[in-house]
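> take a look and give me a structure for this.
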Amino acid sequence: MYLTYFNAGLRIMDIADARLPREVGYFVPPDPTRRYGTLPKKLVVQSEDVLVDARGYIYLTEKNQGLWILQYTGQR
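Below is the predicted model:
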């Protein structure tokens with residue numbers, strides 16, 4: 001399962017055992033250095049949306065930085 005948690009970035013969870021989910025990967029974008037919009041008021045990482053395509057590419061949106069394209073390569 002792929003989840004976004006705003007300033008906690010992207011979290012990848014293994015839910016094979018629904019009673020015991022575990023984090024198997026993560027990505028937190030670097031702190032933004034420039035504001036491109038009016039929100040958020042404080043200049044912080046704001047990961048918002050995540051989509052994974054059939055090839056396994058992960059598309060992650062970030063409020064001030066735009067689109068990140070990632071690929072999960074296995075457990076850490």
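
> bridged to residue 2, which residues?
With DSSP bridges as the criterion, residue 2 is bridged to residue 12.

> mind listing what it touches?
By Cβ atoms under 8 Å, 6 or more residues apart in numbering, residue 2 lies in contact with 10-13, 50, 52, 58. For the C-beta atoms, the positions are set from N, CA and C on the backbone; glycine is no exception.

> 7 Å instead?
Listed by Cβ atoms under 7 Å, 6 or more residues apart in numbering, the contact set of residue 2 reads 10, 12, 50, 52, 58.

> may I ask which helix or strand encompasses residue 60?
Taking DSSP states H and E as the definition, one finds residue 60 inside strand 57-62.

> once you drop chain neighbours, what's closest to the residue nearest the centre of the chain?
Central residue of the chain (Cα atoms, centre = their mean): residue 10, 2.4 Å from the mean position. Closest residue in space to residue 10, ignoring its immediate chain neighbours: residue 27 at 4.5 Å, by Cβ to Cβ, 6 or more residues apart in numbering.

> that neighbour is in contact with residue 9, isn't it?
Yes. Judged on Cβ atoms under 7 Å, residue 27 makes contact with residue 9 at a distance of 5.4 Å.

> among those two, which residue is more densely surrounded?
residue 9 (19 against 16; other Cβ atoms under 10 Å).

> state the distance from that one to residue 20.
To residue 20, residue 9 is 23 Å away according to Cβ to Cβ, to the nearest Å.

> now the strands for the chain?
Ranges of strands within the chain are 2-4, 10-14, 22-27, 47-52, 57-62, 66-71, based on DSSP state E.

> distance from the first one to the middle of the chain?
By that I understand strand 2-4. Computed by Cα atoms, centre = their mean, to the nearest Å, the separation of strand 2-4 from the middle of its chain amounts to 6 Å.

> same thing with stretch 25-42?
The answer for stretch 25-42 is 12 Å, by Cα atoms, centre = their mean.

> what distance separates the start and the end of it?
Start-to-end span of stretch 25-42 (Cα to Cα, to the nearest Å) is 27 Å.

> for that stretch, list every residue counted as buried.
Using 16 or more other Cβ atoms under 10 Å as the test for burial, stretch 25-42 gives 25, 27, 29, 32.
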